[in-house]
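**Q** What would the 3D arrangement of this be:
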Amino acid sequence: MASQLRLAGAGSLAASSCQSTSAGHSTASSLTIASSAYSRSSWRSAILEEQGEPPLPPPPQQQRPASGPETNGSREAQASAADAVTNVPQEAPTPCGLSAAELRVKLSLAAGSGRLDLTDARLTELPAEVAELTELQELQLSGNCLTRLPESISRLTALRRLGLAGNLLTELPPGIGALTALEGLWLHGNLLTSLPPQLGRLEALRALSLAGNCISQLPPGCLSGLTSLTDLTLAGNRLTDLPPGELEPLTALRKLALNGNRLGQGRDTGAQGPLPLGMGRHMSALQELMLQGNCLEAVEASLFECPALTELSLADNRLTHLPDRLSGATRLARLHLFGNRLQRLAVRQLAGLPALSTVWLEGNMQLPGADVAALVAAAGLGGMPALKALGLDQSQLAALRQQVGAGGGSAGAAAAAVEVLPRNVRVGSVLEWQGPGPYDTEEQAGGGGPGYFKLQYGPQRPGAPLNGAASSNDVLVVAFGSAPGTPNWGGLLGKVYKAAQSAAESYFDVLYVADPSRDWYGGGSEAAYAYYRSRLAATTRSYRRVLMLGDSMGATACLLFADLATAALAFCPQVDLTTASIRPGRPAEWFASLKRRLMASVAAFGGSGGGGSADGLPAPDGTGDGGGQLVVLVGTWAHDLDQANMLPHATQQQQAAVADASAAGRQQDRARRAARSAGWRDAGAEPQVVGAAVHRSPWAWQQGGEGSGASSPDSSSLGVNAEGTGAGGGVVVKVFNVDSHRLAAALDAQGQLTPLIRSAVLAELSLRGAIVRVSNLL
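**A** Numbers count the residues shown, from 1 in each chain. Alright, predicted model coming up:
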């Protein structure tokens, strides 16, 4: 395949990435791809015939998964993955683009099918032949290097779906307004700074994704005409306000994401009032409204008048209070308020919301103890019958106890609640950050440290001393949130706790971390990266073993901070954001910086087992103090396979060590069962000291005071051996037969995700001779 070519009337197909990235690392050999249930081989078979090779047999027809904005379950992702998968082992596609033969065949097939997929073709220009396909209904151009669209795009008036995610577009042509049949338009991960007013002519448009661009203002009318719109995401841009009344006509909206902008920045709320967003009773279909990670000091009461609203996130803003009237949100079930500056709380109004099931209030350091006491009392005494979880932090609990001690407010009910907190009250530790923020000015940073950092304590080990995080556990799970910018993994880890077969299996804590600004945890910015790293290290350094979990953007965080962990599971991470369609609106230099830091962290993890260095930064030469295992889990989508192939993989010798450890673990289990039959006594859940580590296996057998631990039944499948030293450096990649970026969701739907995570947790809990990180000792 030629590295660069020019066809008659076609654009340039470049082998290089769209944006220059850092060198200095060797690309691992490509993976063998499993056959996919969604494979399509029509155009590939035609190419093989043209090259004199026999065509592949047609795959079985399967129904495609439903698609949506900014999810790679969309057709461009499925088609890209399917085109890359065959029924025989082959190398994963590289970002070298299409050959001339492939492009000719794709154009020929599109003329008959009405669908053209040029995903990841590395196009710098749109081939002129595309504009001749006037009957085209679907055009996928995601993952290319397009800096502009020609005006000739206006000729494709039959288009219903247009995918342009992950390009380098800085503007859209006015001709986009001629595509009046368009129903789906995906533009996330570009460099758009504004939108043309003609966009408002697309009255049939139902899904519009503009996340991860550089849009600082919207021209009036560019959105108000999109009256059929049901899903709109503008997350991760630079908006400080919206044109008056711009969103009011969009009464069909069901999901609206404005998180990770700068809404309210520079606004004098005291003089001008809350920023008008156009919400209210007329938004009768709106179910999800995401406003976290902005600069809002107050919000309109009309926000709580949307009758169908079920989830509202106002987290990580600068709110000092909520509106006095909340009663209109009769279906509101999930309310995110963490990381604000609330000085009072309308408890009676919150208690009056009949469907409210979760409220997260952590990080509001100035919340009065009387309000906390009233809320806890309402939660415990049936005043909020639908409430399943009320999230508080320890400082708020201290204010509550101080209030009870002073005898103020509803002291009797609050005192009873403090003695034994209601089961639906979740108290964690949120340390007030006193260090520098991730931004250049206090105005941008919002005063305190942004982001969600909540340490949720699990059941505590009896008789064990407290560590620096005030916990007697020595295993920590760090759960990174993905691009939506809210904490996740909580429900799944709750299942892991419930599945514990002994007390020892639940002796771990969880640190929930989220980046509401959708900025990939600041990986390309020196100040933001240092901020997130410092806040993570402040907690992880107190634990002997640290397991990191993450999906997509959260998986990138797993790799970015891997050297702070002793194990990690990263589901479909982005390694090189220049070739990713889901990414922030940042320049090439920013992406290159993130990749350099990520690679350095992975190298340090491979050499140190998460040991890192004494100063909390990755060791520059990758040396450290022991093993460790970093597991990357991907499906068969070509993009995710390409990203995984950029990472250094574990050698065959290291993989063999994992297999040997698995066999040793099974033999050890058989020996334990025989020992039990011979009358060895069960040590129960009490931890036993074995060597340098505390042993926490669910079944510990001892005789004469000598401990011996059991391995987790599936821990070796994750590349962690029974002795806890790992298989050595490099990344272990596991490929699943799921043709989508949403691998974790697919595994969860199949009931496979919880056992997978539980095995990883048990592996950390069951380690013997664990590596004690040098940075912890220092």
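**Q** what does the host helix or strand of Arg426 contact?
**A** Secondary structure from DSSP states H and E places Arg426 in strand 425-428. Strand 425-428 is contacted from outside by 362, 376, 379-380, 389-394, 397, 417, 421, 454-457, 512, using CB atoms under 8 Å, 6 or more residues apart in numbering. Every residue, glycine included, has its C-beta placed from N, CA and C.
**Q** what do you get if the cut-off is 6 Å, keeping everything else the same?
**A** 376, 379, 389-393, 397, 454-456 (CB atoms under 6 Å, 6 or more residues apart in numbering).
**Q** any idea where the strands of the stretch 551-700 of the chain begin and end?
**A** Ranges of strands within the stretch 551-700 of the chain are 567-571, 629-634, 681-682, 688-690, 693-695, based on DSSP state E, counting those that start in this stretch.
**Q** Spit out the contact partners of Leu234.
**A** Contact analysis of Leu234 by CB under 6 Å, 6+ apart lists 210, 258.
**Q** should've said Thr227
**A** Contacts of Thr227 by CB under 6 Å, 6+ apart are 203, 249.
**Q** cool, Tyr543 as well?
**A** Neighbours of Tyr543 in contact, by CB under 6 Å, 6+ apart: 474, 476.
**Q** Would you check how far apart it and Leu466 are?
**A** 12 Å (CB to CB, to the nearest Å).
**Q** got it, and Ala351?
**A** Distance from Ala351 to Leu466, counting by CB to CB: 36 Å.
**Q** Which one of the two is surrounded by more residues?
**A** Neighbours around Ala351 and Leu466, counted as other CB atoms under 10 Å, are more numerous at Ala351. The numbers are 19 against 11.
**Q** residues contacting the more buried one?
**A** Contacts of Ala351 (CB under 6 Å, 6+ apart): 378, 383-384.
**Q** ok, it to Gly523 distance?
**A** In terms of CB to CB, Ala351 sits 41 Å off from Gly523.
**Q** May I see the buried residues of stretch 294-312?
**A** Of all the residues in stretch 294-312, those buried under the rule 16 or more other CB atoms under 10 Å are 294-307, 309-312.
**Q** what's next to it, contact-wise?
**A** Taking CB under 6 Å, 6+ apart as the rule, stretch 294-312 contacts 261-265, 269, 274, 279-281, 283-289, 317-318, 323, 325-326, 328-329, 331-335.
**Q** Among those residues, which lie within helices?
**A** Thr269 (DSSP state H).
**Q** Filter the contacts of stretch 294-312 down to the buried ones and hand me the PyMOL line.
**A** Here is the PyMOL selection string for the buried members of these, based on 16+ other CB under 10 Å:
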select buried, resi 261+262+263+264+265+269+274+279+280+283+285+286+287+288+289+317+318+323+326+328+329+331+332+333+334+335
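**Q** Now, the contacts of stretch 294-312 that are in strands?
**A** Using DSSP state E, the members of the contacts of stretch 294-312 that fall in strands are 288-289, 334-335.
**Q** Looking at those residues, which is nearest Ser506?
**A** Arg334 (25.7 Å; CB to CB).
**Q** Next up, the contacts around that closest one.
**A** 311, 358.
**Q** for the one 3 residues further on, same thing?
**A** Taking CB under 6 Å, 6+ apart as the contact definition, Leu337 lies against 314, 361.
**Q** Look up phi and psi at it.
**A** phi -130, psi 10 (degrees, to the nearest 10).
**Q** Quick check: the gap between it and Arg541.
**A** On the measure of CB to CB, Leu337 and Arg541 end up 29 Å apart.
**Q** Check Arg160 too.
**A** Taking CB to CB, one finds Arg160 at 53 Å from Arg541.
**Q** Over to Ser194?
**A** Counting by CB to CB, the gap from Ser194 to Arg541 is 45 Å.
**Q** Counting neighbours, go ahead and name the busier of the two.
**A** Arg541 (19 against 16).
**Q** per-residue pLDDT, the more buried one?
**A** Arg541 is assigned 93 on the pLDDT scale.
**Q** now do the one 4 residues further on
**A** Predicted confidence (pLDDT) at Arg545: the value is 93.
**Q** Likewise for the one 3 residues further on?
**A** Looking at Met548, its pLDDT is 96.
**Q** Now it: which helix or strand?
**A** With DSSP H and E as the criterion, Met548 is inside strand 545-551.
**Q** Just the angle for that strand relative to strand 629-634, thanks.
**A** For strand 545-551 against strand 629-634, the angle by axes from the mean of the first three to the mean of the last three CA atoms, to 10 degrees is 10 degrees.
**Q** So which other helices or strands are in contact with strand 545-551?
**A** With contacts defined as 3 or more CB pairs under 6 Å, 6 or more residues apart in numbering; DSSP states H and E, strand 545-551 has these neighbours: strand 475-480, helix 553-560, strand 567-571, helix 753-765.
**Q** Give the rounded mean pLDDT of the longest one.
**A** Same thing as helix 753-765. pLDDT averaged over helix 753-765 gives 92.
**Q** picking that back up, out of the ones in strands among the contacts of stretch 294-312, who's nearest Pro249?
**A** When the ones in strands among the contacts of stretch 294-312 are ranked by distance to Pro249 (CB to CB), Leu289 comes first, at 16.6 Å.
**Q** Next one: the closest one from Leu421, what distance?
**A** If you go by CB to CB, the gap between Leu289 and Leu421 works out to 30 Å.
**Q** What of Ala537?
**A** 30 Å.
**Q** sorry, back to before: can you put the ones in strands among the contacts of stretch 294-312 in JSON lines and add pLDDT and distance to Leu247?
**A** Listed next are these as JSON lines, based on pLDDT from 0 to 100; distance: CB to CB, whole Å:
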{"residue": "Glu288", "pLDDT": "97", "distance to Leu247": "14"}
{"residue": "Leu289", "pLDDT": "97", "distance to Leu247": "11"}
{"residue": "Arg334", "pLDDT": "95", "distance to Leu247": "21"}
{"residue": "Leu335", "pLDDT": "95", "distance to Leu247": "21"}
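**Q** number of nearby residues for Arg423?
**A** For Arg423, the neighbour count with other CB under 10 Å is 10.
**Q** what secondary structure does it sit in?
**A** coil (DSSP: H, G, I helix; E, B strand; the rest coil).
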